[in-house]
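Undergrad: Mind folding the following:
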Amino acid sequence: MLVLRRKVGEVIRINDNIRIIIQDVQNEHIVRIGIEAPLDIPVHRMEIYELIQQENRAAAGANALQWLKRATKSSSTDEENSKNE
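TA: The predicted structure is shown next:
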């Protein structure tokens, strides 16, 4: 982890396309920052990112369960069809 000290107005650069600008420091504990990044790079607060990840895992699990149900159903239908032939 890289730890830096910056003053208001100073910039941190990540690669060629991301800039982090220190906007304000209040009460020595609250720092406002601005982040400039391309639209194709998502930028989220950690608590929002974690919620998105939870929702993605839940959706993937639900889709996998639905796929498994369909696959099982079609498999048993194929078996019944082959028995009838």
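Undergrad: Longest strand in the protein, please.
TA: When the chain is parsed with DSSP state E, its longest strand is strand 18-26.
Undergrad: Now do that one: which elements does it pack against?
TA: Secondary-structure packing of strand 18-26 (3 or more C-beta pairs under 8 Å, 6 or more residues apart in numbering; DSSP states H and E): strand 11-14, strand 30-36. Heads up, the C-betas are built off the backbone N, CA and C, glycines and all.
Undergrad: who wins for proximity to residue 44 among the ones you listed?
TA: With C-beta to C-beta, the closest approach to residue 44 among the helices and strands packed on strand 18-26 belongs to strand 30-36: 10.2 Å.
Undergrad: Contacts for the closest one next, please.
TA: Residues external to strand 30-36 that are found in contact with it (C-beta atoms under 8 Å, 6 or more residues apart in numbering): 18, 19, 20, 21, 22, 23, 24, 25, 26, 43.
Undergrad: That strand pairs with which strands, parallel or anti?
TA: On the basis of DSSP bridges, the sheet neighbours of strand 30-36 come out as strand 18-26 (antiparallel).
Undergrad: ok, back up a step: which positions in the longest strand of the chain come out as buried?
TA: Residues of strand 18-26 classed as buried by neighbour count (16 or more other C-beta atoms under 10 Å): 20, 22.
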